[in-house]
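Student: with the input below, show me the fold.
(chains A, B and C)
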Amino acid sequence: MTFSKGCHLHLIDGSAFIFRAYHALPPLTRKSDGIPVGAVAGFCNMLFRYVANNSGADAATHVAVIFDFSSKTFRNEIYDQYKANRPELPEDLKPQFPLTREATRAFNIACIETDGYEADDIIASYACRAREAGGRVTIISSDKDLMQLVGDGVEMLDPMKNKRIGRDEVLEKFGVYPERVVDVQALAGDSVDNVPGAPGIGIKTAALLINEFGDLETLLERASEIPQPKRRQVLLEHSEQIRMSKRLVELDCDTPLTETLDELEIQPSDPEKLMHFLNLMEFRTLTKRVADSLGVAPPVPVEPIASLPHAEDTPGGTPPEPERLPFDHARYECIRDAATLARWIDAIQARGHVAVDTETTSLDEMQADLVGISLCVEPGRAAYLPICHREGGGDLFASDKLCDGQMPAEQALAMLKPVLEDPAILKIGQNMKYDAKIFARQRGEGYADGIVVEPYDDTMLMSYAMYSGLHNHGMDELADRYLGHTPIPIKSLLGSGKGATTFDRVPIDEAVKYAAEDADVTLRLWQLFKPKLHQVQVTTVYETLERPLVAVLARMEMAGVLVDRDTLSRMSNAFAQKMAGLEAEIHELAGGSFNVGSPKQLGEILFDRLGLPGGVKGKTGAYATGADVLEDLAAEGAELPARVLDWRQLSKLKSTYTDALQTHIHPETGRVHTSYSITGANTGRIASTDPNLQNIPVRTEEGRRIREAFVAAPGKRLVSLDYSQIELRILAHVADIPALKEAFREGIDIHAMTASQMFNVPLEGMDPSVRRQAKAINFGVIYGISGFGLARNLRIPRAEAQAFIDTYFARFPGIREYMDATVAYAKEHGFVQTLFGRKIHTPEINSRGPTAGFARRAAINAPIQGAAADIIRRAMIRMPAAIEGLPAKMLLQVHDELLFEVAEDAVDTLITRAREVMEAAADPAVRLDVPLVVDAGHGMNWAEAH
DNA sequence: GGGCTCACG
DNA sequence: GACGTACGTGAGCCCG
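Tutor: Numbering: from 1, shown residues only, chains lettered A, B, ... in the order given. Sure thing, here's the model as predicted:
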């Protein structure tokens, strides 16, 4: 039916429904897995009642439920504090949002949300279109912001009071008719949405003024005529703020509409779909009630998995667990045509979630070609969709011909794109960053800008949030530990070493078993982990520190950093020449030729042939020849060790940096694309690999020059921002050390302050070596100080180092108390925690021997290093929104530093915005007692910027 | 593939 | 009384 006169559109404010349901009902969880579903239950009840009551002459002909998509909208551009003081969403509500979308679809009602727009704007736009078409509109909401839309065929219905709101009710509420509501709101402001308005003016006064002057503009123009001095002054002084407030409260009637009015026509309910959803949610009463009203038989309730029989109940084996359902490779399906794929897409939509895994030709996401996609909707029900398998074994004589029986890649991806991007369908992955990057790189008809996987969950990150420190988080490890299952090893398909082939050469039949199994494993892990996140109390960590990082890092990695090959190549040559010279000298001094790069040969030369003192053999029987040993020998005047030190430095720079980096320059982008591992480090730090861009030299002059090869593109600059002393600041906060906190607040040199306190010397004119010792102690404290370690670091006798430590603890007793408390906590709980709730397990804390020492120091360090890692993660996650619209890209993270590439004329703006985000990154979760300070620099290359 | 060495925070 | 120790990473090289 074409929407026209006589039609009646209902627009339901979905978010309001959810919040009302959440607060009206006691917390309720799904029995089988503990997922919170209380708000979903209430939401479904309301939808059911709505559908049941929508009858009679006044019934709706068209209906939609409108949701808010994200918190960032154009209003944040107008005013960055808009809705800034909204409290954080309750943890047990967040996971219910996608389910309410599913619920809406299950009721066969259009479900609408648009990125960057508030539900109110979408409602306004549909209301306007419907009004223009001559139809009637009822907005089902009690949000007063929507009252500006009332009139001329548009009404509101307050679902709480079941009260109709027309023009007269708006007048009653605001003192003006709908068309002047925004004027009143602009003056009165709104504390809930953080709209400032005119200070001291409420709705009453605002209405009075507007009625007197006619409208807001006239009022502001003639504000000087207002008799009351205070009101006059407020209006004159805050006119701009008031105008801005008006722009904030004014609804946008021209948002892009994802569905036409006609598409909102009421559909008869689909009993099967609805029953299936309600049954999955395990809403017994509601399922029955809905079944009765639809006149269908209620479905058999889903059995909690725990009560199903298990196949691997072998005597003497590991005890059978609920998730140990057998893996049956024969049941996996191969998707070879559009009809089959369409069937799978239906199955995915019915559930609202799907486990996804991509198979490609390479582990390097920037080079990998997509070969196939596997999908899994419930344990054991998985499929593989091959799209680019090729004939032959991949050797020199193999053809590049695609195998028969595959869907064209373009067709398959065009069909999958709406699913992968559907806000109501959760995509579940194991290491989703990999798959997201692969999908983002796909190009074709209908997906010219790639495919953006949203929303997603990641089982690897769930494992990391819950079990960091206990084990690694790769699929094989997790499958083995939590599913008691060993997936088919990839090596059995590809082989290893020189003879290894690529996945596109794997016969499709074999690929199905392997690939579908991975999706199956992922889905089962997700079912297991999802409720556990709550039990382990790391949902906030997962949701705020892990999951959002995937998209942020994917963008950084794909952006890459421009590296100048010529610069590196010239440096390589220069290093090679110098090394050759040094090598000749070294051989001369040694009295013969040997491999300078072999620590074993070098040790023999130094201590056996030349008879130098201090040769110490390690556990492997070889002499130690580390830099510290060679430095000691060189200090004694030995020339050979001094030359070897120089040679080693050059060798390192050449092989690891100037040579290896060149091989990482991407042939098409000309840039270097590192890969960040979110779960690589136990403390919450991220790790960079292939290549590691977190250890580019900086400490020596010669090494630092390598950073000159990291350059900005023409017309751009590199900008580096780094946290100053972030770990010591965190220590000052968590250990609660007044002297340290004050020093940071006052901006005093922290190492000098430490020295001054320990050695009773004045800050002014301090001996640099005294400061250096204090600095070493400060670092030592973060690492879980020991006399031995400090002695080695400072090259002083151990007793002296121990005396320093004793003095330090005597002066800052809180530090020792903090350390003792942290170790005690670790011993009791088996983990330590950061300020932000990240858990780092310390399984070896109760060991004996040297292991205990390691574990103890790691436990002391983890909360400090981890909190610093959490803070920069928070900054990175907020950064895209903060720099949106700027010609700037975030490229690299180096633990306490972020590197950006930005257009020349936007350097200052970027620094201002990025610094603001970084310095406020702990807020509002943690109120630090010390300020976070960020230093910034910029230049044509990384050496200049740092 | 383990051990050593060394680059970074 | 001796043991061996600063925390967290990744990569290249040697050598068995």
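
Student: residue A:850: neighbour count?
Tutor: Residue A:850 has 8 neighbours, counted by other CB atoms under 10 Å. For every residue, glycine as well, the C-beta is placed using N, CA and C.

Student: do residue A:554 as well
Tutor: What residue A:554 shows, counting by other CB under 10 Å, is a neighbour count of 23.

Student: got the domain boundaries for chain A?
Tutor: Under the assignment named as automatic domain parsing, the residue ranges that make up the domains of chain A are A:8-264, A:331-536.

Student: which one of the ones you listed lies nearest to residue A:604?
Tutor: Of all the domains of chain A, domain A:331-536 sits nearest to residue A:604, with 32.6 Å by CB to CB.

Student: touching DNA strand C at all, the closest one?
Tutor: No - contact check for domain A:331-536 against DNA strand C, using CB under 7 Å from any atom of the strand: none in range, with a minimum separation of 8.3 Å.

Student: now that domain: how far from the chain's centre is it?
Tutor: 21 Å (CA atoms, centre = their mean, to the nearest Å).

Student: before we move on, what about stretch A:98-113?
Tutor: In terms of CA atoms, centre = their mean, the centre of stretch A:98-113 is set 26 Å apart from its chain centre.

Student: and stretch A:222-237, by the same measure?
Tutor: Taking the mean C-alpha point of stretch A:222-237 and that of its whole chain, the gap between them comes to 49 Å (CA atoms, centre = their mean).

Student: for chain A, which residue gets nearest to DNA strand C?
Tutor: residue A:780 (2.1 Å; CB to the nearest atom of the strand).

Student: ranges for the strands of the stretch 651-800 of chain A?
Tutor: Assigned strands in the stretch 651-800 of chain A, in chain order: A:671-672, A:675-677, A:687-689, A:716-723 (criterion: DSSP state E, counting those that start in this stretch).

Student: pull up the pairing partners for the longest one, direction included.
Tutor: Counting by DSSP bridges, the strands paired with strand A:716-723 are strand A:897-903 (antiparallel), strand A:934-939 (antiparallel).

Student: so for that strand, mean pLDDT?
Tutor: Average pLDDT, strand A:716-723: 96.

Student: give the residue farthest from the middle of chain A.
Tutor: Taking CA atoms, centre = their mean, the residue of chain A most remote from its mean C-alpha position is residue A:591, at 57.9 Å.

Student: just want the angle from whichever helix or strand residue A:867 is part of to strand A:716-723.
Tutor: When elements are assigned from DSSP states H and E, residue A:867 belongs to helix A:850-882. For helix A:850-882 and strand A:716-723, the angle between their directions (axes from the mean of the first three to the mean of the last three CA atoms, to 10 degrees) works out to 130 degrees.

Student: give the next helix or strand downstream of helix A:850-882.
Tutor: Using DSSP H and E, the next helix or strand after helix A:850-882 towards the C-terminus is strand A:888-893.

Student: check whether that following strand comes near DNA strand B.
Tutor: No - for a cut-off given as CB under 7 Å from any atom of the strand, strand A:888-893 has no contacts with DNA strand B; the smallest distance is 9.7 Å.

Student: now do residue A:220, the pLDDT please.
Tutor: 91.

Student: can you check residue A:491 too?
Tutor: At residue A:491, the pLDDT value in this model is 86.

Student: tally of neighbours for it?
Tutor: Per other CB under 10 Å, the neighbour tally for residue A:491 reads 10.

Student: over to residue A:120?
Tutor: The burial count for residue A:120: 24, using other CB under 10 Å.

Student: from the chain's centroid, how far away is whatever helix or strand it lives in?
Tutor: Assigning secondary structure by DSSP H and E places residue A:120 in helix A:119-132. The chain centroid and the centroid of helix A:119-132 are separated by 33 Å under CA atoms, centre = their mean.

Student: show the average pLDDT along it.
Tutor: Taken as a whole, helix A:119-132 carries a mean pLDDT of 94.

Student: stretch A:276-283 too?
Tutor: Across stretch A:276-283, pLDDT averages out at 88.

Student: ok, stretch A:421-437 next?
Tutor: 95.

Student: isn't residue A:51 up against residue A:266?
Tutor: No - with contacts defined as CB atoms under 8 Å, residue A:51 does not count as touching residue A:266, sitting 9.0 Å away.
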